[in-house]
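Student: Okay, sequence plus prediction incoming.
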Amino acid sequence: MSSPFSVQHNVDLTTQNTMRLSCMANSVVKIHDQAGVEPAIAHAKTISNIKEMPLFVLSGGSNVLLPSRLHACVVMPEMTGIDVVSESDEHIDIAVMAGENWHDLVVKTVQKGWYGLENLALIPGKVGASPMQNIGAYGVELADFLTSVRAYHLPTDTWHTLMKAECKFAYRDSIFKRQASEWLITQVNFRLHKDPTRTVMNYGDVQTKASDIAQQHHRQAPTPIDVMNAIINIRSTKLPNPEVLPNCGSFFKNPVIPTSQFKDLQRKFADIKGYPVDEELVNNSTKVAGGWLIDQAGLKGQGIEPIMTHVNQALVLVNHAPASQPATQADILATQDLIIDTVFDKFGIMLEREPVWVR
Ligand SMILES: Cc1cc2nc3c(=O)[nH]c(=O)nc-3n(C[C@H](O)[C@H](O)[C@H](O)COP(=O)(O)OP(=O)(O)OC[C@H]3O[C@@H](n4cnc5c(N)ncnc54)[C@H](O)[C@@H]3O)c2cc1C
């Protein structure tokens with residue numbers, strides 16, 4: 001029987017983070033299957049005690065900014081599997097292991113006629129990381145279809161099933177993000193629906209693109225598959241592919257400000273873009289399009305080499321460093337601070353970083 005986990009020391013993680021920051025990790029423990037979780041963590045804790053370094057969980061590396069020397073025992077959950085838990089005419093409940101690729105899960109479920117995740121197509125990374133920042137795109141977020149999370153609490157070595165309400169999901173936030181490094185998410189449970197007429201298309205040009213695709217297939221109205229393909233199409237043209245131009249998606253959160261402040265700004269900047277925030281969560285607040293702020297501050301396509309804002313989407317920072325001379329966290333900080341200071345001076349809004357800064 002093959003080992004349920006494996007261990008390596010002095011591991012180069014430069015190609016395992018989509019920002020391609022130079023990074024060497026002291027030790028890496030890969031968990032290959034569910035039975036390996038407890039022995040792998042016990043082993044990782046022994047390494048971390050001997051070498052006096054923390055544990056750090058890493059999945060697809062698409063939302064982290066890694067240091068040149070990661071003095072940590074890195075735990076990589078790689079266990080895969082998608083199980084049907086229960087099914088009715090209307091719904092299906094599935095349990096998905098942490099190491100499954102997120103986009104592949106979206107495609108598989110939509111193709112099987114299990115709908116809900118289609119708007120989250122083409123988000124890089126793995127399923128286990130998806131609850132961390134409650135991934136979201138095009139009017140849908142993970143919390144809309146997640147039912148519970150199975151996770152191992154690292155400080156106490158105990159298993160927990162956290163129901164959705166206990167995960168304390170908010171905009172790009174969750175209990176897992178707030179209690180950083182405490183949890184290893186091993187499985188995410190979803191309830192998906194089977195109604196092909198139920199779609200979310202009220203964001204950007206999704207409706208137009210999805211309707212075009214539906215028409216090409218002689219369908220009267222777009223199905224969830226059409227929505228998924230529209231979103232894949234939109235994202236592929238708008239966002240840089242990290243394989244070609246390293247990045248970690250949106251570098252800043254869209255700032256949420258008091259609606260009174262937004263109205264003041266609207267008097268000065270008539271075309272400022274903002275959306276009312278879900279009132280139950282934050283009363284009288286408006287979410288401002290961060291990309292618009294950066295663009296209007298004159299920083300689209302700008303920055304401090306090798307880290308620049310993307311020419312099509314100013315909210316995304318891209319890394320132009322050649323593989324022979326990889327960029328570091330210091331390069332990120334230089335451009336990040338330039339953007340934060342310039343946007344604050346012009347609009348009085350403080351941008352907040354979205355990806356996780358790893359020490
Ligand atoms: C081109 C591009 C587009 C993107 N678009 C979007 C988007 O539209 N919407 C969006 O929300 N995000 C987006 N992102 C960000 C990113 O893809 C998501 O946050 C994704 O869920 C990160 O997954 P990952 O496996 O790469 O996590 P990683 O980067 O490996 O980890 C992210 C964080 O989660 C923790 N973590 C990872 N796995 C686990 C686990 N199993 N248990 C506990 N903690 C864990 C890590 O410690 C780290 O703190 C984009 C990124 C890129 C590069």
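Tutor: Received, thanks. Numbers count the residues shown, from 1 in each chain.
Student: So what's the residue count around the closest residue in space to Val200 that isn't next to it in sequence?
Tutor: Taking C-beta to C-beta, 6 or more residues apart in numbering as the measure, Val200 lies nearest to Gly139, with 4.7 Å between them; neighbours along the chain are not counted. C-betas here are computed from N, CA, C, even on glycine. The number of residues packed around Gly139, counting by other C-beta atoms under 10 Å, is 13.
Student: Residue numbers of the stretch 101-250 of the chain in contact with the ligand?
Tutor: Proximity of the stretch 101-250 of the chain to the ligand is confined to 123-126, 128-130, 132-133, 135-137, 176, 183-185, 239, 242, 247-249 under the rule C-beta under 6 Å from any ligand atom.
Student: Just want the most central residue of the protein.
Tutor: Centrality entry for the chain: nearest residue to the mean C-alpha point is Ile135, 4.9 Å, by C-alpha atoms, centre = their mean.
Student: In terms of helices and strands, where is the closest residue to Ile304 other than its chain neighbours?
Tutor: Here the nearest residue to Ile304 in space, its sequence neighbours aside, is Ala334; by C-beta to C-beta, 6+ apart that works out to 4.5 Å. Using DSSP states H and E, the secondary-structure element containing Ala334 is helix 329-347.
Student: Provide the strand pairings for the very next helix or strand once past that helix, with the direction of each partner.
Tutor: As assigned by DSSP H and E, the chain's next helix or strand after helix 329-347 is strand 356-357. Taking DSSP bridges as the criterion, strand 356-357 forms sheet pairs with strand 64-65 (parallel).
Student: how deep is Lys164 tucked in, by neighbour count?
Tutor: By other C-beta under 10 Å, the residues close to Lys164 number 18.
Student: Quick check: it touching Leu146?
Tutor: Yes. When contacts are counted by C-beta atoms under 8 Å, Lys164 is listed as touching Leu146 (5.7 Å).
Student: Give the residues shared as contacts by those two.
Tutor: In the contact map built from C-beta atoms under 8 Å, 6 or more residues apart in numbering, no residue is linked to both Lys164 and Leu146.
Student: So which helix or strand of the chain has the lowest pLDDT on average?
Tutor: Using mean pLDDT, DSSP states H and E, strand 274-276 stands out as the lowest-scoring helix or strand of the chain, at a mean of 86.
Student: Which neighbouring elements make contact with that one?
Tutor: With contacts defined as 3 or more C-beta pairs under 8 Å, 6 or more residues apart in numbering; DSSP states H and E, the packing partners of strand 274-276 are helix 259-268, strand 285-288.
Student: Need the contact partners of it.
Tutor: Outside strand 274-276, the residues that reach it (C-beta under 8 Å, 6+ apart) are Thr259, Phe262, Gln266, Ser285, Thr286, Lys287, Val288, Ala289.
Student: where's Ser3 relative to Val316, distance?
Tutor: For Ser3, the distance to Val316 equals 39 Å [C-beta to C-beta, to the nearest Å].
Student: Which of these two has more residues huddled nearby?
Tutor: Between Ser3 and Val316, counting by other C-beta under 10 Å, Val316 is the more crowded of the two (23 against 12).
Student: Next, the contact list for that one, please.
Tutor: Leu239, Pro240, Asn247, Gly249, Ser250, Phe251, Thr309, His310.
Student: Quickly list what it is bridged to.
Tutor: The residues paired with Val316 through beta bridges, assigned by DSSP bridges, are Ser250.
Student: can you pull out the helices in the stretch 151-300 of the chain?
Tutor: Taking DSSP state H, counting those that start in this stretch as the criterion, the stretch 151-300 of the chain carries its helices at 175-178, 206-216, 224-238, 259-268, 290-296.
Student: closest one to Asp93 among those?
Tutor: Within these, the stretch nearest Asp93 is helix 224-238; the backing value is 17.8 Å (C-beta to C-beta).
Student: Output the closest one as PDB, nothing but the C-alphas.
Tutor: Once non-C-alpha atoms are left out, helix 224-238 reads as follows in PDB (Å, rounded to 0.1, in the frame of the first residue of the first chain):
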ATOM      1  CA  PRO A 224     -26.400  27.200 -16.800                       C
ATOM      2  CA  ILE A 225     -23.900  25.700 -19.400                       C
ATOM      3  CA  ASP A 226     -24.300  28.800 -21.600                       C
ATOM      4  CA  VAL A 227     -23.700  31.000 -18.600                       C
ATOM      5  CA  MET A 228     -20.600  29.000 -17.700                       C
ATOM      6  CA  ASN A 229     -19.200  29.200 -21.200                       C
ATOM      7  CA  ALA A 230     -20.000  32.900 -21.300                       C
ATOM      8  CA  ILE A 231     -18.000  33.500 -18.100                       C
ATOM      9  CA  ILE A 232     -15.100  31.400 -19.300                       C
ATOM     10  CA  ASN A 233     -15.100  33.500 -22.500                       C
ATOM     11  CA  ILE A 234     -15.300  36.800 -20.600                       C
ATOM     12  CA  ARG A 235     -12.600  35.900 -18.100                       C
ATOM     13  CA  SER A 236     -10.300  34.500 -20.700                       C
ATOM     14  CA  THR A 237     -10.400  37.800 -22.600                       C
ATOM     15  CA  LYS A 238     -10.400  40.100 -19.600                       C
END
